[in-house]
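Chemist: Below are the sequence and a predicted model; questions follow.
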Amino acid sequence: MKTSKYLLILMSIMFAFYACSDDSVSVIDVDPDPDPDPDEQELDPALVGTWVVEPTAGSLAVGPSADDLSWWSISSGDVTARECFYEDQYVFGDDGSFQNVLGDETWLETWQEGVEEDGCGAPVAPHDGSNVGQWSVSGSTLTIDGEGNYIGLSKVHNGGEDGKPSNNLINYTYELSDNDDTLEIRISGWNPDVAEATWYYRLIRQ
């Protein structure tokens, strides 16, 4: 009787061990990839194409917050004076490439090297469209990566207004409307005295 009792106990232990081992193998088999590629870019197909800042009053504006753009807004007269700026193109490739296409002239300001007064003139490096950068999105954040690459005003980035963003990265927030033919861009962080101060650009699809 003792031998039969010990045999039953041993068989029970072996069965339990086998069941646990089998369950463990099953869990491993269905486990998803624990190490997704951190460098994989997310692209919004609705952004792919060529955009320009809309040549209308109010398409450039700035204020103390994203909901208050009361500091300055471009007038229709200034739109005419900055015609060269409104011809600048922002090209989003379906492969994640990004390029500023500026042509022979763009809007220049005195913060740029060799520029004595604001006005239209030949693009100044590195903001001359010669570099092809990259773009990607995460939620409502649009990131432009590349030396001299930007949207809207070349001077504005998340740490100042000198055209020299850290690591050549600029983060914007974006919103599409009008069947994805209007692109509204906002950027903050450039004003050390007013953290929520925001520049606003309204672009239209070409």
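Modeler: Nice, I can see it.

Chemist: what's downstream of the helix or strand bottoming out on mean pLDDT in the chain, the next helix or strand?
Modeler: Within the chain, confidence by mean pLDDT, DSSP states H and E is lowest for helix 2-30 among all helices and strands, at a mean of 41. Downstream of helix 2-30, the next assigned helix or strand under DSSP states H and E is strand 49-53.

Chemist: strand partners of that next one, parallel vs antiparallel please.
Modeler: strand 89-92 (antiparallel), strand 198-205 (antiparallel) (DSSP bridges).

Chemist: for stretch 117-127, which positions count as buried?
Modeler: 121, 123-124, 126-127 (16 or more other C-beta atoms under 10 Å). All C-beta atoms are positioned from the backbone trio N, CA, C, and that covers glycine.

Chemist: To Asp145, which of the strands paired with strand 49-53 lies closest?
Modeler: Between Asp145 and the strands paired with strand 49-53, the shortest gap by C-beta to C-beta is with strand 89-92, which sits at 12.6 Å.

Chemist: Tell me the secondary structure at Val62.
Modeler: State at Val62, reduced to three classes by DSSP: H, G, I helix; E, B strand; the rest coil: strand.

Chemist: That one bridge partners, please.
Modeler: Beta-bridge partners of Val62, as defined by DSSP bridges: Trp72, Trp199.

Chemist: Can you give me every residue that contacts it?
Modeler: 69, 71-73, 197-200 (C-beta atoms under 8 Å, 6 or more residues apart in numbering).

Chemist: swap the cut-off to 7 Å and go again
Modeler: By C-beta atoms under 7 Å, 6 or more residues apart in numbering, Val62 lies in contact with 69, 71-72, 198-200.

Chemist: Can I get those in TSV including neighbour count, distance to Ser136 and pLDDT?
Modeler: Shown next, in TSV, are the contacts of Val62 (neighbours: other C-beta atoms under 10 Å; distance: C-beta to C-beta, whole Å; pLDDT from 0 to 100):
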residue	neighbour count	distance to Ser136	pLDDT
Leu69	19	26	98
Trp71	14	30	98
Trp72	12	30	98
Thr198	22	22	98
Trp199	25	21	98
Tyr200	18	22	98
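
Chemist: nearest to Glu113, of those residues?
Modeler: Looking across these and measuring by C-beta to C-beta, the closest to Glu113 is Trp199, at 21.9 Å.

Chemist: from memory that closest one sits against Asn158, does it?
Modeler: No: using C-beta atoms under 7 Å as the test, Trp199 is too far from Asn158 to be in contact (10.8 Å).

Chemist: Name the residues contacting each of those two.
Modeler: With contacts defined as C-beta under 7 Å, 6+ apart, the residues shared by Trp199 and Asn158 are Ile187.

Chemist: what about Gly160, neighbour count?
Modeler: 15 (other C-beta atoms under 10 Å).

Chemist: can you count the residues close to the residue lying closest to it once chain neighbours are set aside?
Modeler: Spatial nearest neighbour of Gly160, chain neighbours left out: Trp190 (5.5 Å); criterion: C-beta to C-beta, 6 or more residues apart in numbering. Per other C-beta under 10 Å, the neighbour tally for Trp190 reads 22.
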